[in-house]
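Asks: for reference, the sequence and a predicted model appear below.
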Amino acid sequence: MSVTITVLISGSGTNLQALIDAEKAGKLDGTITQVISSSETAFGLKRASEAGIATKTHILKNYYKGTTKDQIAERKAKREQFNKDLANLLIYGSTDGEPVKDYIKPQLIVCAGWMLILSPAVLTPLEKAGITIINLHPALPGAFDGTHAIDRAWKAGQDGEITKGGVMIHRVIAEVDRGSPILVKELDLKKDETLEQYEDRVHAVEHVAIVEGTNIILKTLKEKSSLKEKSSDVEEELSKLSISSEKE
Ligand SMILES: Nc1nc2c(c(=O)[nH]1)N[C@@H](CN(C=O)c1ccc(C(=O)N[C@@H](CCC(=O)O)C(=O)O)cc1)CN2
Ligand SMILES: NCC(=O)N[C@@H]1O[C@H](COP(=O)([O-])[O-])[C@@H](O)[C@H]1O
């Protein structure tokens with residue numbers, strides 16, 4: 001079976017659309033089986049539905065209901081529960097961890113504009129479940145981690161601090177945007193360029209990088225699973241040989 005993919009979004013979903021279009025054109029070496037959004041109003045949900053892809057939402061503010069911004073400890077606990085429930089949703093298809101019949105567990109998760117930090121309460125269970133998670137970030141490795149990276153890179157370029165911006169696809173680890181890069185694409189920063197013009201160039205590069213970077217990981221996952229199949233075939237043959245030699 002084709003490598004199964006879940007895409008995490010929070011907004012417009014133009015990068016999700018790039019993945020959907022690539023799959024439709026036979027240029028994605030996997031199958032997008034679900035999209036999960038951290039926002040109920042994300043246009044990316046409409047994009048997924050129109051492509052016939054199952055959608056779910058997982059909303060942090062619903063966990064914060066009944067608490068205020070000043071209740072720091074309570075909100076921290078609620079956020080941890082949000083993360084634990086997200087791990088269950090991804091692995092079992094339900095936030096309570098009860099396996100859902102016919103749920104297709106993803107082999108790969110792609111953060112395509114998912115705007116929430118994933119704690120170890122998510123990442124550790126995913127790793128134990130053998131699920132790979134990658135992220136699209138509109139900056140070069142080690143530069144402008146976190147949010148508003150495009151604005152920050154453009155401003156640094158205008159101030160003459162840097163001459164290069166970029167886009168990367170990287171593995172997701174607890175340290176935000178510090179996972180090993182899978183694909184890096186550089187962009188020259190231009191002094192006479194508006195933020196909007198730079199942003200347009202970044203998004204155009206993102207829509208190529210998200211497909212290219214996802215395919216790089218999909219290739220390694222397919223190689224890994226075929227190796228696993230071969231080793232289980234060898235084990236089966238060896239067990240047959242050991243049984244036949246015992247009979248002789
Ligand atoms: N543990 C990790 N989680 C996430 C990573 C990662 O590399 N490791 N990548 C991000 C995506 N991302 C940048 O590429 C990113 C998104 C959001 C934030 C952030 O600070 N979020 C705040 C909320 C911000 C807001 O609401 O505007 C938060 O989570 O509290 C940082 C980096 C996905 N997650
Ligand atoms: N730190 C993460 C981050 O900034 N991600 C950014 O969110 C946008 C999502 O756009 P989309 O919803 O149209 O795909 C993209 O520009 C992506 O680089």
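Replies: Yes, it's here. This structure is a prediction, so every number in the text was calculated from the model and none was measured. Ligands and ions are numbered 1, 2, ... in the order given.
Asks: show me what contacts the residue in the chain positioned nearest to ligand 2?
Replies: Distance from ligand 2 to each residue of the chain (Cβ to the nearest ligand atom) is smallest for Gly113, at 2.6 Å. Every C-beta, even on glycine, is put in place using the N, C-alpha and C of the backbone. Applying Cβ atoms under 8 Å, 6 or more residues apart in numbering, we find Gly113 in contact with 9-13, 15-16, 44, 136.
Asks: before we move on, what about Ile5?
Replies: Counted by Cβ under 8 Å, 6+ apart, Ile5 has contacts 19, 30-33, 106-110, 214, 218.
Asks: among those residues, which are in strands?
Replies: 30-33, 108-110 (DSSP state E).
Asks: of those, which is the most crowded?
Replies: Counting neighbours by other Cβ atoms under 10 Å, the top entry in these is Val110, with 29 neighbours.
Asks: now that residue: closest residue in space, sequence neighbours ignored.
Replies: Distances taken as Cβ to Cβ, 6 or more residues apart in numbering place Val7 nearest to Val110, at 4.9 Å, with adjacent residues excluded.
Asks: number of residues surrounding that neighbour?
Replies: Neighbours around Val7, by other Cβ under 10 Å: 30.
Asks: surely it and Ile32 touch.
Replies: Yes. If you go by Cβ atoms under 8 Å, Val7 and Ile32 touch, sitting 5.9 Å apart.
Asks: between those two, what contacts are shared?
Replies: Joint contacts of Val7 and Ile32 (Cβ under 8 Å, 6+ apart) are 19, 48.
Asks: tell me what the helix or strand of the chain with the lowest mean pLDDT is packed against?
Replies: Ranked by mean pLDDT, DSSP states H and E, the weakest helix or strand in the chain is helix 195-247, scoring a mean of 92. Judged by 3 or more Cβ pairs under 8 Å, 6 or more residues apart in numbering; DSSP states H and E, helix 195-247 is in contact with strand 3-9, helix 14-24, strand 30-37, strand 108-111, strand 132-137, helix 149-158, strand 164-171, strand 181-188.
Asks: tilt between that helix and helix 14-24?
Replies: In terms of direction (axes from the mean of the first three to the mean of the last three Cα atoms, to 10 degrees), helix 195-247 departs from helix 14-24 by 50 degrees.
Asks: alright, calling it a day.
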